[in-house]
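Engineer: structure for this input, please:
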Amino acid sequence: MSGGRTAYCAGTERGLMVAAKRRGACWPKGADVLWGAPLLDKGGDLMVIATGSRSRSIARRLMLVSALVVALSLAFTGAASAQTPFQATISATQLLPVPCSNGAFVCGTADLAGYGPASWNFFVTGSTAVQTSCGSSYTATIDFTLASDPNSTLVLDESGSLCFPGLDGRSFFAEGPNSYGHPFTVVGSWTVDPTSTGQFVGLSGSGTDLLNSAGAHWDGSYSGTLS
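Structural biologist: Predicted structure coming up:
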C-alpha cells in the first residue's frame with residue numbers, strides 16, 4: 001500500500017468477522033472501527049458478516065444440546081407415564097383343615113384398585129424355619145383372578161420373611177403342628193409372573209406386601225407398580 005501504511009486483509013473485532021472489498025482487498029491500518037467493522041476511506045466497499053463462523057458454530061451446538069435435553073426429557077416422561085400404581089387389599093378366613101381345596105395355603109378375596117373385586121390365593125412353594133422372630137423365610141406364588149373377568153389372572157412370584165411376636169416366636173415353634181392360629185406377619189416382595197392372563201398379559205412390575213394372620217383371619221395389602 002502507498003504511504004508506507006500497513007494493510008490488513010481480514011480481521012475480527014469484538015467477536016464479529018469483517019471482510020472488506022477494496023483495491024487489493026485490504027483496508028489501511030488505523031481505520032476507525034465500529035462494532036468490529038472498519039470505517040474505510042471513500043471508495044471502499046464494506047461487507048460485514050453480523051455473526052462469525054465461530055459464533056454460528058457455538059449457536060448450533062447450543063441448539064443441538066437443547067434439542068437433546070428435550071428429547072431425553074420426553075423419553076423419560078414417556079417411560080415414567082407407562083408405569084401405573086398397583087394397590088390391592090386382601091381378606092381371608094382360613095379354617096382348618098388347610099390347605100384350601102385348590103391347594104393354596106390360604107385363599108380369600110381381594111380388591112384391586114382400578115380392577116375391582118377378585119379372588120386371592122397364596123400358594124407356598126418353599127419355606128425355611130429359623131427359630132428367631134423374623135428369621136424364617138418363604139417363597140410363594142400368588143394369584144388374583146378378577147370377579148368381573150375370570151379369564152384375567154394376575155400372577156405374582158413372592159418371597160420374604162415370617163415374623164412372630166413374643167420371645168423369638170418360641171411359642172409358635174414349640175406348638176409344632178398345633179401352632180396354626182398363632183399370630184404372625186408375612187413381610188414380602190413380589191414381581192409379576194409372565195404366566196399372567198387376560199388383562200394382565202404382557203405386564204411386568206414389582207412391589208411389596210404385608211399380611212397379618214391371627215387365629216383364622218388374614219388381612220393385608222399389596223402395593224407396587226405395573227408396566
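Engineer: skip ahead from the host helix or strand of residue 139 and say which helix or strand is next.
Structural biologist: Counting by DSSP states H and E, the element that carries residue 139 is strand 136-146. Proceeding N to C from strand 136-146, the next assigned helix or strand is strand 153-163, under DSSP H and E.
Engineer: quick one: mean pLDDT over the strand ranked longest in the chain.
Structural biologist: Longest strand of the chain, by residue count under DSSP state E: strand 116-128. The average pLDDT within strand 116-128 is 97.
Engineer: partner strands of it and their direction?
Structural biologist: strand 106-112 (antiparallel), strand 136-146 (antiparallel) (DSSP bridges).
Engineer: any idea of the angle the first one forms with strand 153-163?
Structural biologist: Interaxial angle, strand 106-112 versus strand 153-163 (axes from the mean of the first three to the mean of the last three CA atoms, to 10 degrees): 120 degrees.
Engineer: now the longest one
Structural biologist: For strand 136-146 and strand 153-163, the angle between their directions (the same axes, to 10 degrees) works out to 150 degrees.
Engineer: rewinding a little: show residues contacting the longest strand of the chain.
Structural biologist: 88, 90, 92, 100, 102-112, 136-148, 154, 162, 211 (CB atoms under 8 Å, 6 or more residues apart in numbering). Where you see a C-beta, it was placed from the backbone N, CA and C, and this is true even at glycine.
Engineer: I'd like the strands paired with strand 116-128 as JSON lines, with mean pLDDT appended.
Structural biologist: Below are those laid out as JSON lines (pLDDT from 0 to 100):
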{"stretch": "strand 106-112", "mean pLDDT": "97"}
{"stretch": "strand 136-146", "mean pLDDT": "97"}
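Engineer: just give the closest residue to residue 227, not the sequence neighbours.
Structural biologist: residue 83 (4.5 Å; CB to CB, 6 or more residues apart in numbering).
Engineer: quick check on that neighbour: phi, psi?
Structural biologist: Backbone torsions of residue 83, given as degrees, to the nearest 10, read phi -90, psi 140.
Engineer: and it, how many neighbours?
Structural biologist: Neighbours of residue 83 under the rule other CB atoms under 10 Å: 13.
Engineer: how about the CA coordinates for the helix or strand encompassing residue 219, as PDB?
Structural biologist: In this assignment (DSSP H and E), residue 219 forms part of strand 217-226. Output of strand 217-226 as PDB, limited to C-alpha atoms (Å, rounded to 0.1, in the frame of the first residue of the first chain):
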ATOM      1  CA  HIS A 217     -58.300 -64.400  60.000                       C
ATOM      2  CA  TRP A 218     -55.900 -62.900  57.400                       C
ATOM      3  CA  ASP A 219     -55.700 -59.400  56.100                       C
ATOM      4  CA  GLY A 220     -53.100 -57.300  54.400                       C
ATOM      5  CA  SER A 221     -52.200 -55.200  51.400                       C
ATOM      6  CA  TYR A 222     -50.100 -55.300  48.200                       C
ATOM      7  CA  SER A 223     -48.500 -52.200  46.600                       C
ATOM      8  CA  GLY A 224     -46.100 -51.500  43.700                       C
ATOM      9  CA  THR A 225     -46.200 -50.700  40.000                       C
ATOM     10  CA  LEU A 226     -47.200 -52.400  36.800                       C
END
